[in-house]
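Asker: fold the following, please.
(2 chains)
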Amino acid sequence: MNWKNMLSSLTLAANCLLCFLLLFYGRLVVPSFLQVIGRAHPLFLHFPIVLFAVLIVWTWVIPQQRFHASGLSQQISEWLLLSVAFTSAVTALMGVLLSKEPGYNEESLALHKWSGACLSLIVFVWYMLHQRLQASKISLGAVSLLSLIVLIIAGHQGAAITHGDNFLLAPVYKHRAKEKVPFDEAVVFRDMVEPILDAKCLGCHNSSKAKGGLVVSTPELLLKGGKNGPVLDTSDVNMSLLLQRIHLPEEDRKHMPPRGKPQLNDQEITILYNWIRRGANFTVKAAALEPTDTLRTIANNIFRTSADQETYDFAAAGDDKVRQLNTDYRAVYPLATGSPAIAADFFGASFYKPGQLKDLLAVKTQLVSLNLARMPVTDDELSVIGQFANLRELDLSFTRITGRSLSALEKLHHLKRISLTNTAVKREDILKLLVLKELHHIYVWNAGLGFADANEIKRKYPMLDLQTGARTDTMFLKMNPPLLQTSAQVISDTPVQLRLRHFVPGTTIRYTLDGTDPDSLHSMVYDGRTFIDSQVLLKARAFRKGWHPSDVVQSQFYRATFKPDTIILMTPADSSYKGKGGTTLKDLQKGSQNFGDGKWIAFRNNRMECMLQFSKPVHARSITVSSLVNVGAMIFPPKTIRIMGGNDPANLRLLFQLAPPADTLLQSNYLIPYECKFPLVSVRFIKVMVEPFGRMPVSMRPPLLPSPKKNEKPKPFNDRGWFFIDEVFVN
Amino acid sequence: MEKEIIEHALHINRRKFLSRLSLGIGSVALGSLLIPDLFKGGEEEAAITGLPHFAPRAKRIIYLFQNGAPSQLDLFDYKPLLQKMHGEDLPASIRKGQRLTGMTADQAKFPLAGTMFQFSQYGQSRAWLSDLLPHTARVVDDICFIKTMYTEAINHDPALTFFQTGAQQGNRPSMGSWLSYGLGSENKNLPSFCVLLSKGKGNGQGVYSKLWSNGFLDSIYQGVQFSSGENPVLYLNDPASISRQDRRKMLDQIAALNDQSYKAFGDPEIATKIQQYEMAYRMQTIVPEITDTSKEPEDTLKLYGPECLVPGTFAANCLLARKLSESGVRFVQLYHQGWDGHNNLPGEIKGQAKDVDQASAALITDLKQRGLLDETLIIWGGEFGRTNYCQGKLTKDSYGRDHHPRCFTVWMAGGGVRPGVYGETDDFGYNIAKDPVHVHDFHATVLYLMGLDHEKLTFKHQGRRYRLTDVEGKVVNGLIA
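Answerer: Sure thing, here's the model as predicted:
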């Protein structure tokens, strides 16, 4: 078996086939099983390259005399050359098969294809003629050099196709990469949409391949569309063919980009969708979009990385210098780690001295932000500020400057934002500042110009953000009520001082003790010298010029002149609210509307009877039963109240009887004292009897709703009303 | 003889070994010359300089924390479907097995409760707000409403802890402490992290100092809670008989004694204490001019409401927060309790909303007119949301809502935040439809606005590097202007 001959014939056949395929390249269609072989090209190409390297080394580096005698060197040369020829022919064939797959850059592919084919042919010819070539060193050298050059070209192009241009030297050349476009100059189409089209669509939709008749390399061709019509139909967003295709499910045959190719990520789809939806404008800039626009947000993130929001062209000041400038009342610091820009803040108005501003001249080139708010800065110091040439932000709010020397700031060409809130700066001074082209934000709340002036300026300069602050002179609000600071509610021996407080200085508090609502004309003015010594209902209200009067705050005061020695409950209180029995009724502790606070006792199923006992007779003329009503909680006014008195507990006479007015309104919720007045008596025993409300009418009963808890039986309903009492006052 | 045999076999002798060794070390040295970071352990250096990692949008934060969880369905998230389906049971397909709290686990039904309040749209962003928040409605164009916050915690303590410290388990530093650690205070005379508390009349849940603790960071970074009474800082003034110089001498002597202790015991708390004394000394001069509210102009009263001069109210805390913030306090946190509307929510929420509405809106307006809104980040929100179904009995004019972690609303203003509405919940107001923002993502975004990379602000503790966002969190670009 003559292997050499067979291999040589195969190589000849392969090269012939190669030429044939290249000749009729345009009509070549590769079936899928051959595509597999084609895809082995990147694998197989390593063989001819390595073998070629060995061949070169063998031919030119290894001294041949050593092997000449045995004829071995001749054989080795021939075999090497043959194997290079064979493998390169096979590689070239595989390459042709692979080249028919979509997605390759036409130019690189062409060069690679032809140089690869050339290499295969050159080496084959070299093999066929190697006897003759070997005779002359020159011819051998020429053919070696030629094949080496062609190999390098082919190899380099192959790498460029696979890895992209300039792959080898890319790390070294990284800093010369495409200029980053700053946000203000970014054009939506050129800098956001076009890169997507270039990266993911241009591979097939370029002028040489033009898949589907569509070319996306220029706006005109993009607008023209392809064989299925225009792809950017901006009139109907849903039907825009481009959007349709990119939004199809990935398995769909028509989905773009095709399967196997790099797909669009979410952000890219959003960019394309929003760009088309807004009319596919080729010239609009990202900065011109609305702040709430999605495209602008994305543009912000692409073009404005956090690190270079603003690039500064000056060098940093020394760390030591900056550190030295820091005192307890002045903070000087770089804006961020590694940033040359410096900010300075002043604190503590009482510690401020004009010289402190001059100290900052040490970093006058680097100072970018200066905060002098609330410092006693005067006009003379503005000349120092004018020397901070790179200042972007200046806060002079609440300082003592007037407008007259604002012209000192006219050299601050980078100034973007200035606050003149609450200074005496006037309209003309503001206008002087407008010569600064970068100045877009001026704050003039409470400054020396009125709203009319400010509106006029805003009209003339619509791009200027002139903040005048909120208008409060037309606001009419309600004052908040005064705070009652007297905690005692029951007065027994000594009068109690009425203490009312309002936290807003300059507010007048007026009050009444007769139960009427205070008004600003007739009621008494609170001056802190009032004392309360009887049972009164206090009502107080706050008044202030320019404000609506406050809500009324009220408090009931009770008088307990005579304190019984004991109170005996002759009928039991309800077990849920028994307090401390009779003692609760005389401890002078008023209960609150929270009837579970322990200061109340209650009666429900039986009437109340209690006996007050005095060791010495008292001259009483009234009994106050202090109670509460909360219809929602089924606490009602009692049906009757009867007061009996005398000196013999077995023999008391009726002193007073009252049927309080009923109240069944569902919202009723208040404390109420029942005052029972009678002619003066001198007694040692007083009996109080109260009949609670009794059964509620059916109409008043709450609806029986099913219990929200699972598996809970509804409880039987007790329809008797409650009566609550916390104190009995004897006067 | 053995040695020679071994050497011969190994082809090595002492001379060769030493020369090879020098070659090896030399090559490593060459490597370190070429690759400067070859021997560097990690990137912790960047975080500790006290400077932001990159140019910040916001310099300070005021965090208005609504403790107890305000009901987003009655304030921000308009869901007319709930009103239409009022009383019907919550479909299981929507609930998707969300775990219930112990309070509603026994409930047989989950009747949907439509809001009782009117909603309208406001501003250019067409944000929905209920009529409980009329003042907020006027400043809606400065606010970004994040409708799709979500968390895993379902009860107050873990949820609060999660929001403040980044983990449901405690003992970690709070957000303010991390910021204090990463950025320090602008004004050396004030603490960099202050906390102000107030309470509404609604059902309240407690707050505790764990929420502003420094965790494992140095205790100098803990939050300083101001008092809710008439004097936010007690004992500020020296007694009549002690002059400032006396005070200074006293502090110097105490510092010397403490220093001796520190040298003997090395307890880091001693160092903190020395620093706190110094801080207190400096606060004595600065704080009175900040807490003095007697000279507030009429404008301020009208903006915040007259409550802003009543100590201990939310409005007063907002005013104090603005004054602290403009004086350089890095992180001011307010807590307003009482939002936990399990029962009688409509009645309680009216009072709660009235407490906070005017002052929160006033804070935005006030900072804006002083030119500070762009560098101050204001955050408003609770620890989770409330359910769309009623807890307890659903009556004609009252309902209660239980805790709901799956979606709730937080709003942010100023500080580089993009105004508008972010995210959407589904029609039932139960699940998130698009753009979810987890608490970790929220933290990452807040740190980003302050100029900090949330992955770089770390502290090594117990063998691993902790950070506020733990091991998660992505900056939400859609929130940033």
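
Asker: got a pLDDT number for the closest residue to chain A within the stretch 51-200 of chain B?
Answerer: The nearest approach of the stretch 51-200 of chain B to chain A comes at B:F54, 4.0 Å away (C-beta to the nearest C-beta). Where you see a C-beta, it was placed from the backbone N, CA and C, and this is true even at glycine. What the model reports for B:F54 is a pLDDT of 87.

Asker: now it: how far from B:R467?
Answerer: B:F54 sits 17 Å away from B:R467 when distances are taken as C-beta to C-beta, to the nearest Å.

Asker: which one of these two has more residues nearby?
Answerer: B:R467 (24 against 19; other C-beta atoms under 10 Å in any protein chain shown).

Asker: burial count for the residue nearest to that one when sequence neighbours are not counted?
Answerer: In space, and not counting its chain neighbours, B:R467 is closest to B:T458: 4.6 Å by C-beta to C-beta, 6 or more residues apart in numbering or on different chains. Using other C-beta under 10 Å, B:T458 is surrounded by 21 other residues.

Asker: what does the one 3 residues further on give?
Answerer: Neighbours of B:H461 under the rule other C-beta under 10 Å: 14.

Asker: pick out the residue of chain B closest to chain A.
Answerer: Shortest chain B-to-chain A distance, computed as C-beta to the nearest C-beta: residue-wise this is B:Q369, at 3.1 Å.

Asker: quick check: next helix or strand after the worst-scoring helix or strand of chain B on mean pLDDT?
Answerer: Each helix and strand of chain B was given a mean pLDDT (mean pLDDT, DSSP states H and E); the minimum falls on helix B:2-10 at a mean of 76. Note on helix B:2-10: by DSSP states H and E, the next helix or strand toward the C-terminus is helix B:14-34.

Asker: what sits up against the least confident helix or strand of chain B?
Answerer: Residues outside helix B:2-10 that contact it (C-beta atoms under 8 Å, 6 or more residues apart in numbering or on different chains): B:N13.

Asker: and that helix, how far out from the chain middle?
Answerer: 70 Å (C-alpha atoms, centre = their mean, to the nearest Å).

Asker: do stretch B:147-159 as well
Answerer: Distance, centroid of stretch B:147-159 to centroid of chain: 14 Å (C-alpha atoms, centre = their mean).

Asker: the helices in chain B, which residues?
Answerer: Under the criterion DSSP state H, chain B contains helices at B:2-10, B:14-34, B:72-75, B:80-84, B:92-95, B:134-138, B:156-165, B:175-183, B:244-265, B:268-291, B:298-304, B:314-326, B:345-369, B:439-449.

Asker: mind putting these into a markdown table with mean neighbour count?
Answerer: As requested, the helices of chain B are exported to a markdown table (neighbours: other C-beta atoms under 10 Å in any protein chain shown):
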| stretch | mean neighbour count |
| --- | --- |
| helix B:2-10 | 9 |
| helix B:14-34 | 10 |
| helix B:72-75 | 27 |
| helix B:80-84 | 15 |
| helix B:92-95 | 13 |
| helix B:134-138 | 19 |
| helix B:156-165 | 22 |
| helix B:175-183 | 26 |
| helix B:244-265 | 12 |
| helix B:268-291 | 17 |
| helix B:298-304 | 22 |
| helix B:314-326 | 25 |
| helix B:345-369 | 23 |
| helix B:439-449 | 24 |
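
Asker: redo these as JSON lines? Include distance to A:G355.
Answerer: Shown next, in JSON lines, are those (distance: least, C-beta to C-beta, whole Å):
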{"stretch": "helix B:2-10", "distance to A:G355": "76"}
{"stretch": "helix B:14-34", "distance to A:G355": "48"}
{"stretch": "helix B:72-75", "distance to A:G355": "52"}
{"stretch": "helix B:80-84", "distance to A:G355": "65"}
{"stretch": "helix B:92-95", "distance to A:G355": "68"}
{"stretch": "helix B:134-138", "distance to A:G355": "44"}
{"stretch": "helix B:156-165", "distance to A:G355": "43"}
{"stretch": "helix B:175-183", "distance to A:G355": "29"}
{"stretch": "helix B:244-265", "distance to A:G355": "22"}
{"stretch": "helix B:268-291", "distance to A:G355": "19"}
{"stretch": "helix B:298-304", "distance to A:G355": "33"}
{"stretch": "helix B:314-326", "distance to A:G355": "24"}
{"stretch": "helix B:345-369", "distance to A:G355": "31"}
{"stretch": "helix B:439-449", "distance to A:G355": "36"}
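
Asker: which single residue of the stretch 451-600 of chain A ends up nearest chain B?
Answerer: For the stretch 451-600 of chain A, C-beta to the nearest C-beta, closest residue to chain B: A:G469, 3.1 Å.

Asker: can you name the residues that contact that residue?
Answerer: If you count contacts by C-beta under 8 Å, 6+ apart, A:G469 has them with A:421, A:443-446, B:365, B:368-369.

Asker: dump those residues to TSV, plus distance to B:V471 and pLDDT.
Answerer: Output for the contacts of A:G469, formatted as TSV (distance: C-beta to C-beta, whole Å; pLDDT from 0 to 100):
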residue	distance to B:V471	pLDDT
A:T421	44	90
A:Y443	42	92
A:V444	48	91
A:W445	45	89
A:N446	49	87
B:T365	39	95
B:K368	37	93
B:Q369	42	91
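
Asker: in CSV, list the residues you listed along with distance to B:M283.
Answerer: Formatted as CSV, the entries for these read as follows, by distance: C-beta to C-beta, whole Å:
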residue, distance to B:M283
A:T421, 26
A:Y443, 29
A:V444, 33
A:W445, 29
A:N446, 28
B:T365, 28
B:K368, 28
B:Q369, 28
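
Asker: ok, how many other residues are close to residue 123?
Answerer: All of this refers to chain A. The burial count assigned to A:V123 is 30, neighbours taken as other C-beta under 10 Å.

Asker: wrong chain, I was asking about chain B
Answerer: Neighbouring residues of B:G123 were enumerated by other C-beta under 10 Å; the total is 16.
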